[in-house]
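Visitor: Here's a sequence, model it:
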Amino acid sequence: MATDDPARKHIDNPFSGLASSPNVDEQMFFVVKDVRPEAFSWFWNNLSQRSLRRANRQSRDFEWIDAPAQPNELGYESRASFKQSIWLDGRRRSVTSRYRSPDSARGRVDPSNYLGDRPFSFLAMTVTIDDGAPIDVLLRYQPVGDTLTDTAFSLELTTAGDTKLAHAYGLWLRRLLEGTGSFLTNRFDRKFYDDVVLTRGSVEVTPIDFSSLTFRVIVNQQIKGITPDMLAWWWDHIDNLARYRLWQPIDHDRFEWEVAPRERDLQYDIGAVQIVREFIGNALITLRIEGVDPEVSPAPVPIEQPRPYFFNSLAEPQGFQQVQGVSLPVDIPLSPAPFPANKLIHQWRWNDAHDGVILDTVFTIFAGVLIPQPSFGEDLGRHALREFQTMPYFLPRLYRSEWLGLTP
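Guide: Okay, here's the model as predicted:
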């Protein structure tokens, strides 16, 4: 078995405990900088000739044979297939690839992949080159780096045919994935979050109420694939940056508990305090988010849902660190005293089909934020859609594993 030892030295840890097939002919380890795993989970179903050539100039033609039926979901779609021509081992080759059933990788990947609808950390496919012997390909991937913004890959290839040709293909695939670092995050952000996610809900920004110097941002959305209990469980179980980035892999930048929840259950903890930093539009903002008793501090709107709810007062300290992509020498306060504190409330219920939830969110925001960022209201509403529409791709498996104790 050939192994790329220099790269492996730095990234063995993310894959420790995962078995390899005893018949693997080639194994490579490498890191793709500045691309999160979620972008690759989208990429597998959205390959194009343009993106493949941009990532690796040895790519030539590309065509889907069986295109994914639902390309706007994260995680590869089993049985999708494509053909392409690539420059490989000194000549132009015809390559056909078919995505295998996720079950084919059981025992070699994180088992929690099987607690959700689609795989989140691997791609399994069969590749044939010039109609030769099939090559079984398994790509496993996980976030790495100090801020968890890079992706580590383990690539395994197994064949009964030409191992030299399999090695050449493995190098081509590695260079292809490394070549996505210059564009894939932006493409994923634009094509998935902007073009797809933002159509899954609505945002309304009210005029400024000059009697209180506040305005409201109202977000209504349907989130398919999660239950009311999952959403109720999440608030006390965010816990760390790794999970916070799962919630929004591009916008979320920092998370810590200033005051951790005392009772981790299906009801948010009054008095628990999060310190988060996230991008809202082009502004990087730090927030101090506190669970508040609505009997003590009134909610922005009446509480109507019988479900456990989540209500926050966005208390100081908080402020802008960047505006329009420019770092500021000092923070600009988001709601300085004696002006009103910012508040939000989330209320949710089953949708009519009982295959997801309807989430209604209302923010009450101090109007002073519009001075450094006039589009803050619209940006905040879009941010809420980008967060909550990511939940179906990670929350069900966390909830089923940690709260229900299920195993695949």
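Visitor: So which residues of the stretch 51-200 of the chain form strands?
Guide: 59-66, 81-88, 91-99, 122-129, 135-144, 150-159 (DSSP state E, counting those that start in this stretch).
Visitor: For Leu344, find the nearest of the ones you listed.
Guide: strand 135-144 (27.7 Å; C-beta to C-beta). C-beta coordinates here come from the backbone N, C-alpha and C atoms, glycine included.
Visitor: what angle separates that closest one from strand 122-129?
Guide: When axes from the mean of the first three to the mean of the last three C-alpha atoms, to 10 degrees is applied, the directions of strand 135-144 and strand 122-129 differ by 150 degrees.
Visitor: now for strand 135-144, which elements pack on it?
Guide: Secondary-structure packing of strand 135-144 (3 or more C-beta pairs under 8 Å, 6 or more residues apart in numbering; DSSP states H and E): helix 37-43, strand 122-129, strand 150-159, helix 163-178.
Visitor: Now do the second one and strand 91-99, the angle between them.
Guide: This means strand 122-129. Going by the same axes, to 10 degrees, strand 122-129 makes 140 degrees with strand 91-99.
Visitor: Touching strand 122-129 from outside, list them.
Guide: If you take C-beta atoms under 8 Å, 6 or more residues apart in numbering as the criterion, strand 122-129 is touched by 40, 44, 76, 88, 93-102, 104-105, 109-110, 113, 134-141, 165, 169.
Visitor: Narrow the residues you listed to those that are buried.
Guide: 40, 44, 76, 88, 93-100, 102, 105, 109-110, 113, 134-141, 165, 169 (16 or more other C-beta atoms under 10 Å).
Visitor: ranges for the helices of the stretch 201-350 of the chain?
Guide: 228-234, 241-247 (DSSP state H, counting those that start in this stretch).
Visitor: Among those, which comes closest to Asp269?
Guide: helix 228-234 (11.8 Å).
Visitor: what sits up against the closest one?
Guide: Outside helix 228-234, the residues that touch it by C-beta under 8 Å, 6+ apart are 223, 265-268, 307-308, 310, 346, 348-350, 357, 359, 391, 395-396, 399, 403.
Visitor: Write the PyMOL selection for whichever of those residues are buried.
Guide: Restricted to buried positions by 16+ other C-beta under 10 Å, the PyMOL selection for the contacts of helix 228-234 reads:
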select buried, resi 223+266+267+268+307+308+310+346+348+357+359+391+395+396+399+403
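Visitor: among the contacts of helix 228-234, which are in strands?
Guide: If you go by DSSP state E, the contacts of helix 228-234 have Ile223, Phe310, His346, Trp348, Arg349, Trp350, Val357, Leu359 in strands.
Visitor: and the two most separated of the residues you listed?
Guide: Once C-beta to C-beta is applied, those give Phe310 and Trp350 as the farthest pair, at 16.6 Å.
Visitor: one step back: just so I know, which of the strands of the stretch 51-200 of the chain lies nearest Val219?
Guide: Once the strands of the stretch 51-200 of the chain are compared by C-beta to C-beta, strand 135-144 is nearest, at 27.3 Å.
Visitor: Just the C-alpha atoms of that closest one, please, in PDB.
Guide: What follows is strand 135-144, C-alpha atoms only, in PDB (Å, rounded to 0.1, in the frame of the first residue of the first chain):
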ATOM      1  CA  ILE A 135     -11.100   1.400  -9.200                       C
ATOM      2  CA  ASP A 136     -13.000   1.800  -5.900                       C
ATOM      3  CA  VAL A 137     -12.500   5.300  -4.500                       C
ATOM      4  CA  LEU A 138     -13.200   6.400  -0.900                       C
ATOM      5  CA  LEU A 139     -12.700  10.000   0.100                       C
ATOM      6  CA  ARG A 140     -13.100  10.800   3.800                       C
ATOM      7  CA  TYR A 141     -12.900  14.400   4.900                       C
ATOM      8  CA  GLN A 142     -13.100  16.500   8.100                       C
ATOM      9  CA  PRO A 143     -12.500  20.100   9.100                       C
ATOM     10  CA  VAL A 144      -9.100  21.000  10.400                       C
END
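Visitor: Okay, angle between it and strand 150-159 too, please.
Guide: 160 degrees.
Visitor: and strand 135-144, which strands flank it?
Guide: Strand 135-144 has these partner strands in its sheet, going by DSSP bridges: strand 122-129 (antiparallel), strand 150-159 (antiparallel).
Visitor: any idea of the angle it forms with helix 163-178?
Guide: 30 degrees.
Visitor: Burial-wise, tell me which of the strands paired with strand 135-144 comes out on top.
Guide: Mean neighbours per residue, mean count of other C-beta atoms under 10 Å, is largest over the strands paired with strand 135-144 for strand 150-159, with a mean of 23.
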